[in-house]
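*Asks:* here's my sequence, what's the structure:
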Amino acid sequence: AIASRDLSRAQALAEHFGARHAFGSYEALLESAEVDAVYIPLPTSQHVEWARRAIEAGKHVLVEKPLALKAESIEPLIAARDKAGVEVAEAFMVRYHPQWALVREWIADGRIGRLCHVQGAFSYYNVDPANMRNQPELGGGALPDIGVYPVVTTRLSTGAEAVSARATIERDPTFGTDRFADCSVDFADFRLSFYVATQMAARQTMVFHGTEGFIEVDGAFNAGLYAQAAVHWHDRSHGRSETARFGAADQYRLQAEAFARKVAGGTEPLFSLEESILNQRVIDAFYRSGEAGGAAVRV
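*Replies:* Down below sits the predicted model:
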């Protein structure tokens with residue numbers, strides 16, 4: 001089923017993709033007994049509202065990242081989820097890409113010794129005023145759109161949680177969105193530093209640097225678009241290296257299939273709302289730090 005505020009658009013998409021149902025409103029889709037679960041790809045500022053409405057309608061929910069613009073907005077969704085007895089997950093597709101499972105495995109196996117520092121970057125160039133990423137009222141900005149990725153992949157790869165964070169933020173004088181952020185996160189046993197930008201040349205990378213070697217991830221977040229999915233390990237002296245490539249992996253399909261299995265009664269864990277809160281708390285801390293001139297703040 002496909003829902004749009006314009007029935008003709010929904011019908012055209014339904015015909016194109018072979019969907020059995022087309023609805024001229026989101027409410028009509030949620031009222032349908034034919035629909036068991038929904039994916040919500042609306043602008044960020046609408047995610048929490050429509051996730052809540054879908055949950056209250058008894059639907060399982062996969063909602064696009066970032067789920068919310070404040071961590072505190074997620075807590076009512078947990079109560080609603082538990083009351084309705086449905087599955088709700090934030091759509092962090094990287095959670096399901098096998099390259100990140102390998103990074104976790106290599107770190108856990110001690111391939112790089114003690115992890116000391118994680119370094120990352122995510123940037124693209126977009127100055128379209130009609131694009132929601134450049135509209136603060138819709139939840140635009142670099143940190144909500146892409147700042148979540150270095151944070152979530154560090155958390156997924158290490159199992160560690162942030163203690164404090166700091167950021168210097170540059171805002172676009174016309175749009176008012178954060179177009180650049182230089183960020184640092186203290187994970188107690190190691191640090192993460194990265195930058196994100198919406199008006200810089202496209203780049204993606206993540207590096208996990210330890211005492212005995214380092215791991216570098218190509219196409220870290222949009223594998224296949226920025227670079228082919230590949231994970232490289234180098235030992236301390238660069239005398240040995242290993243590369244694993246994942247050219248056939250489609251992280252969006254893997255995410256949808258994992259969600260479908262869970263809804264059907266499977267036991268595979270999804271990216272839970274509890275995890276969403278932990279991730280969003282770091283983004284919230286970046287903004288507080290930016291307002292405080294880049295001072296470190298507790299997460």
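
*Asks:* check which helix or strand covers Phe214.
*Replies:* strand 213-218 (DSSP states H and E).

*Asks:* correction: the previous question concerned Gln99.
*Replies:* Assigned by DSSP H and E, Gln99 falls in helix 98-108.

*Asks:* before we move on, what about Tyr124?
*Replies:* Applying DSSP H and E as the criterion places Tyr124 in strand 115-125.

*Asks:* tell me the angle of that strand relative to helix 98-108?
*Replies:* 160 degrees (axes from the mean of the first three to the mean of the last three CA atoms, to 10 degrees).

*Asks:* which residues are contacting strand 115-125?
*Replies:* Identification of contacts with strand 115-125 by CB atoms under 8 Å, 6 or more residues apart in numbering yields 107, 146-147, 149-150, 153-154, 158, 189-211, 220-221. C-beta: built from backbone N, CA, C; applies to glycine.

*Asks:* same thing but at 6 Å, please
*Replies:* Applying CB atoms under 6 Å, 6 or more residues apart in numbering, the external contacts of strand 115-125 come out as 146, 149-150, 154, 190-197, 199-200, 202-210.

*Asks:* now the helix or strand that that strand is followed by: how far from the chain's centre is it?
*Replies:* Per DSSP H and E, the first helix or strand lying C-terminal to strand 115-125 is helix 142. The chain centre lies 12 Å from the centre of helix 142; the measure is CA atoms, centre = their mean, to the nearest Å.

*Asks:* cool, and stretch 169-181?
*Replies:* The answer for stretch 169-181 is 20 Å, by CA atoms, centre = their mean.

*Asks:* which other residues reach stretch 187-196?
*Replies:* Residues contacting stretch 187-196 (CB under 6 Å, 6+ apart): 115-122, 142, 146-147, 150, 154, 160, 162-163, 181-185.

*Asks:* same check, this time on stretch 269-289
*Replies:* 67-68, 71, 74, 77-78, 88-90, 92, 95, 143, 151-152, 162, 165-167, 183, 262, 295, 297, 299.

*Asks:* show me these that map onto helices.
*Replies:* Taking DSSP state H, the ones among these that sit in helices are Leu77, Ile78, Val151, Val152, Lys262.

*Asks:* in this protein, which residue is closest to the centre?
*Replies:* Phe92 (4.0 Å; CA atoms, centre = their mean).

*Asks:* for that residue, which residues are in contact?
*Replies:* Taking CB under 6 Å, 6+ apart, one finds Lys65, Val152, Phe271 in contact with Phe92.

*Asks:* between those, which sits nearest Phe17?
*Replies:* Lys65 (22.5 Å; CB to CB).

*Asks:* tally of neighbours for that closest one?
*Replies:* Using other CB atoms under 10 Å, Lys65 has 23 other residues around it.

*Asks:* do I have it right that it meets Ala89?
*Replies:* No - applying CB atoms under 6 Å, one finds Lys65 not in contact with Ala89, separated by 10.2 Å.

*Asks:* name the element the residue in the chain sticking out farthest from the centre belongs to?
*Replies:* Here the chain reaches farthest from its C-alpha mean at Gly239, the gap being 34.8 Å by CA atoms, centre = their mean. Here Gly239 is covered by no helix or strand, with elements defined by DSSP H and E.

*Asks:* neighbouring strands for the strand holding Phe214, and are they parallel or not?
*Replies:* strand 199-210 (antiparallel), strand 230-235 (antiparallel) (DSSP bridges).

*Asks:* so for Pro136, which of these sits nearest?
*Replies:* Pro136 sits nearest to strand 199-210 of all the strands paired with strand 213-218, at 14.9 Å, using CB to CB.

*Asks:* and the strands in the chain?
*Replies:* 2-3, 22-23, 37-40, 60-64, 88-91, 115-125, 164-171, 178-186, 191-197, 199-210, 213-218, 230-235, 241-245, 297-298 (DSSP state E).

*Asks:* helices and strands around the second one, which ones?
*Replies:* Read it as strand 22-23. helix 7-17 (3 or more CB pairs under 6 Å, 6 or more residues apart in numbering; DSSP states H and E).

*Asks:* same check, this time on the fourth one
*Replies:* Helices and strands in packing contact with strand 60-64 are listed as strand 37-40, helix 47-56, strand 88-91; criterion 3+ CB pairs under 6 Å, 6+ apart.
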